[in-house]
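>>> The amino acid sequence is not available; the structure is as follows:
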C-alpha cells in the first residue's frame, strides 16, 4: 500500500504520526476553516474539509486530516492573531478547566470516517506577568488556545482527563482505531 497522506503542515501532528510508526507524506491544501459553532462540529467539519481537499487530487490514497481547537465557556479559541489575542486567551484559561477537541477524518476507499476526541485540561492560576513572560517566548503564537502542553506551558497544566496527544493535536489512540477499522 502507498504511504498515507497527512493533510496537515503541523509539526506536532507529524511528530505524533511518526511516533506511531505510520509511513506517510505531507500534502496540504488551502481550505477555508469554520470557526463558529459547536466545537465538536467545527473540528470535524474542518478535518473533513482538509482531507477532502487533498483527496480530490489523490483519490486512491488514504488521507488523514485533523483540526484542533480549545473551548472555554462555549467559545472556540483557535490560534491567536497577535500577542494581545494570546494574552486574552491565556487570561481566560487561567485557573480554570477547559476542553480541547480534535476532529480527525480518515478517507480510504471512497469512505470518510470522521470522529472527534475531547480532553479536559485544568490550568493553574496565572499572573499577568507570567502570561506576558510566556507570550514573550513566542511559543503561544501558532497554537490553538495560545499554549503548547508539550512545551513551556506544560507547567501551567494541573491535570488532564483524556488523551494527552489530543491536546498536542492528534489523538493517537483514536487514529490507531480508525486505521484498524479502515483496513479491516
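That came through fine. All values reported here derive from a predicted model rather than from experimental measurement.
>>> Okay, strands next: where are they in the chain?
4-6, 24-26, 63-72, 75-77, 97-108, 111-123, 157-161 (DSSP state E).
>>> now the second one: mean pLDDT?
So that's strand 24-26. Strand 24-26 shows an average pLDDT of 96 in the prediction.
>>> Which residues outside that strand are in contact with it?
Applying Cβ atoms under 8 Å, 6 or more residues apart in numbering, the external contacts of strand 24-26 come out as 3-6, 8-9, 14, 17, 64. C-betas here are computed from N, CA, C, even on glycine.
>>> Could you do the last one as well?
Outside strand 157-161, the residues within contact range by Cβ under 8 Å, 6+ apart are 119-124, 149, 167.
>>> Read off the pLDDT value for the residue nearest to residue 123 when sequence neighbours are not counted.
Among residues not flanking residue 123 along the chain, residue 93 sits closest, at 4.7 Å (Cβ to Cβ, 6 or more residues apart in numbering). At residue 93, the model reports a pLDDT of 97.
>>> Hmm, residue 72 and residue 93 touching each other?
Yes: with contact defined as Cβ atoms under 8 Å, residue 93 counts as touching residue 72 (6.3 Å).
>>> buried ones in the helix or strand of the chain with the lowest mean pLDDT?
Within the chain, no helix or strand scores below strand 75-77, which has a mean of 88 by mean pLDDT, DSSP states H and E. For strand 75-77, a neighbour-count test (16 or more other Cβ atoms under 10 Å) marks 76-77 as buried.
>>> Which strands or helices does that strand pack on?
Under the contact definition 3 or more Cβ pairs under 8 Å, 6 or more residues apart in numbering; DSSP states H and E, strand 75-77 sits against strand 63-72, helix 83-93.
>>> looking at these, which is buried most?
strand 63-72 (a mean of 25; mean count of other Cβ atoms under 10 Å).
>>> got the angle between that one and strand 111-123?
Using axes from the mean of the first three to the mean of the last three Cα atoms, to 10 degrees, the inter-axis angle of strand 63-72 relative to strand 111-123 is 30 degrees.
>>> Summarise which helices and strands strand 63-72 is packed against.
Using 3+ Cβ pairs under 8 Å, 6+ apart, strand 63-72 sits against strand 4-6, helix 39-57, strand 75-77, helix 83-93, strand 97-108.
>>> Specify the angle between the longest one and strand 63-72 in degrees.
So the one you mean is helix 39-57. Using the same axes, to 10 degrees: helix 39-57 against strand 63-72 is 160 degrees.
>>> I'd like to know which elements helix 39-57 is packed against.
strand 63-72, strand 97-108, strand 111-123.
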